[in-house]
Structure formats: structure tokens, C-alpha cells
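> Give the three-dimensional model of this entry:
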Amino acid sequence: MNFALNEEQEMIVKTVRGFVETEIYPHENAVERTGFVAPELAQAIRRKSIELGFYACNFPQEVGGAGLDHTTFTLVERELGRGSMALTFFFGRPSGILMACEGDQRDRYLLPAVRGERIDALAITEPDAGSDMRGMKCAARRQGRDFILNGTKHFISHADVADFVIVFAATGQEETQKGTKKKITAFLVDRGTPGFEILKGYDSISHRGYHNCILNFTDCRLPETQVLGEVHRGLDIANEWLYGTRLTVAATCVGRARRVFDMALPYAAERRQFGKPIGSNQGVSFKLADMITEIDAADWLTLAAAWRLDQGSGANREIASAKLYASEMLARVTDEAIQIFGGMGLMDDLPIARFWRDARVERIWDGTSEIQRHIISRELLRPFGA
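Numbers count the residues shown, from 1 in each chain. Predicted coordinates:
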């Protein structure tokens, strides 16, 4: 068992961390205060990422990406996790689901997204359909060679800056062992398509500046050439996409937790009360011991899941475990960091409170903690027929 990073991975980690520290950190306070990323700043981050050769590094080389393996890409995401998501988003990791593009879809969507010329957003969640994807009410009915799309999506991340949206909609029904279920199809919908409206979403306490939007579709006509993948097979590509994003959530949680710990440790060593550093008291030192133990555990759990993918092994349970543990670990670590900093931990002068607030959403999006526990337990019990 070799846990060491190779020379290329060491270089990538150093480069991405340096990028985050120099290009992201200086702008975080302004974004946190205004909830806004200036277009020129977003463009500058995207341009520098392209110049470094990291834009769309999650895509294979044959379509213009860097072709990083799962483990190395997870290391990239871990380092990006140290910075504000509103800013690191423009570092550029288009949805892997775009690899399902065929024919001229590759020239219109896939390749421009990889080159950083077009930004995509993914639209699955609805007001009455979150974890239950088959419960979605947004539907597309056939009309000749077209589909007519109607319905609403919400909590759609960064749709406000997207050039096109990958929309999942019900297109039929099928009988299963668990009753009648909806068939789902994915569509590529360009901004500006008649009947497609992008509205401001909800104000969130987590990841300020990284906006969610509400999408309305009213008799939105889409030619069948806008179908991504196969009709009625949208869940297949959606599940494949969610597979990787849960690993990304785990990795970014680890990166964020390490940044918080890197602030708490020297503070505990330097802050003096009653004539000695607060870190010399077990009430604080034991917190530090627990924090680093949990961070390391989440880190190795995440990298092990990525490694299994690189070996061609199934990793559904391992990825769910990583997402579950890392997201809940981040909540505990940020909370303990505030306790170490005391009242200052809740002040805007330090980013600790921001990390604490940001941590809360990680247990919800890309599959709630409850969904992860369901995946894990199902994988464990399936061999027994339970």
C-alpha cells in the first residue's frame, strides 16, 4: 500500500493551492459582503485556469480536457474546497454528463464547455421533487419531432451565469415492481429559448455569491435533437453524474476543514489566557486532536473511493460513505473551531463563521445524509436478499 502522491500529483496540489491562495482568497470578503462576483473577475479566474491548463481537467484529453484520473481530480477538488465556491466555480469543471453529447451536440455544447466558451448548469430539483427524482412534475410531451416542456425547477446552481441548462423532465411512465414510475429524459436547453425563463432564486446563508435560480418552462418547444442521451434514459446519465459530484462534495469538505484547522491550530498555540496558551488546556488540545483525526479519516476515505474508481472497481458505497462522513465531519470541525476562537469566531473579521454556515448545505445537496445512509445500507444488505 503506497499512500504517497506521485511527482505530478504533488505539483498539481501545489499549483492549485497556490492559485486558490493568490487568485481566490483576496476576493472572498468582498463576495461574502456583496453576494456578487463581478463578471470581469469571473472571466479573469476562468482565463487564468485555462492558461494553467486546468480548465475542464475532469474531461478526457480526446475532447480537450486534461484527462486527470479520479484520484488526481479529487486532489484538485480538495484544494479548490479551501476557497469560496462562488469564485472557484469559475476555475471550470463542466458537468461530466456532457460526455453523452452526440453528433453536432459535441460542437455546440461539449467542446465549447471544455474550452471555457460556454457554461452549463444542471436542472433536476423541483419544489416537490428533491431526493425523489421520479417524483418530478416538470414534463415534456412529444409533438411531432419536437418536445413541449412545461414545469418549474428550483435550487439550480449558477443558472444565472449559464449559457445552457441540462434539464431533466418526465416523458412517460413505466410499470416496475414498486408500481408506476416516471420515465425521465435529459434535454439541452439554451438560454433565450422561447418559453424558458431564469429567475432569481432564494437567498442562502451558505456559499454567498454562488447563486441558485428558479427555472420556468412554459410550452418551451425543443426539437428532438436537443435530447441528451436517449429518450426515457435520463436517469442513467443522471446517476452516473451524481456518482462523481458526491465525491467532489467530500473532497471540498476536506479542503475546507483543513483550512479551518490551519487557522485554529496556531491560534490555540498563540492565544494566551491565565498566563498560558489556551492550547495547553485539554479542553482545547483535545478538540484539536479530534479535529485532525476526523479530517484525516475523511481525506483517506475520499481518496480511497477515488482510487477504487481508477481501478475500475465499483465504488457506490464508498463514495456515499465519503460524502456522508466528510460533510458531517466539516460541520463538527467548523463548530469546534468557533469554540476555540470564542467570540471572534462568530465575527465577520474572520472567515470561521462563513465556513460554519457554508458547511450546513453539504449534508443536503448532491444527496442528503439520509440518502447516503440509504445507499450504504442497501449495498450492505443486498447480498442477503434484504
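
> same for the helix ranked longest in the chain, what does it pack against?
In the chain, with assignment by DSSP state H, the single longest helix is helix 234-270. Judged by 3 or more C-beta pairs under 8 Å, 6 or more residues apart in numbering; DSSP states H and E, the packing partners of helix 234-270 are helix 70-80, strand 164-176, strand 179-190, strand 276-277, helix 282-310, helix 316-341, helix 352-361. Every residue, glycine included, has its C-beta placed from N, CA and C.

> closest to Phe59 out of these?
helix 70-80 (9.8 Å; C-beta to C-beta).

> who wins for proximity to Phe3 among the helices and strands packed on helix 234-270?
Per C-beta to C-beta, nearest to Phe3 of the helices and strands packed on helix 234-270: helix 282-310, 7.8 Å.

> which parts of the strand or helix carrying Phe19 are buried?
Here Phe19, judged by DSSP states H and E, is contained in helix 7-19. Judged by neighbour count using 16 or more other C-beta atoms under 10 Å, the buried positions of helix 7-19 are Gln9, Ile12, Val13, Val16, Arg17, Phe19.

> Show me how far stretch 177-184 is from its chain's centre.
Relative to the chain's own centre, stretch 177-184 is displaced by 28 Å; criterion: C-alpha atoms, centre = their mean, to the nearest Å.

> typed the wrong thing, it's stretch 339-358
The answer for stretch 339-358 is 23 Å, by C-alpha atoms, centre = their mean.

> got it, and stretch 359-371?
11 Å.

> Counting by contacts, list what the very next helix or strand once past the longest helix of the chain packs against.
Downstream of helix 234-270, the next assigned helix or strand under DSSP H and E is strand 272-273. Packed against strand 272-273 by the contact rule (3+ C-beta pairs under 8 Å, 6+ apart) you find no helix or strand.

> Quickly run through the sheet partners of strand 272-273, with directions.
strand 276-277 (antiparallel) (DSSP bridges).

> which residues sit against the partner strand?
Here strand 276-277 makes contact (C-beta atoms under 8 Å, 6 or more residues apart in numbering) with Ala268, Ala269, Glu270, Arg271.

> what sits against the third one?
This points to Glu270. Contacts of Glu270 (C-beta under 8 Å, 6+ apart): Pro277.

> do the last one as well
Taking C-beta under 8 Å, 6+ apart as the criterion, Arg271 is in contact with Pro277, Ile278, Gly279.

> Could you confirm the last one falls within a strand?
This means Gly279. No: counting by DSSP: H, G, I helix; E, B strand; the rest coil, Gly279 is not found in a strand; it is helix.
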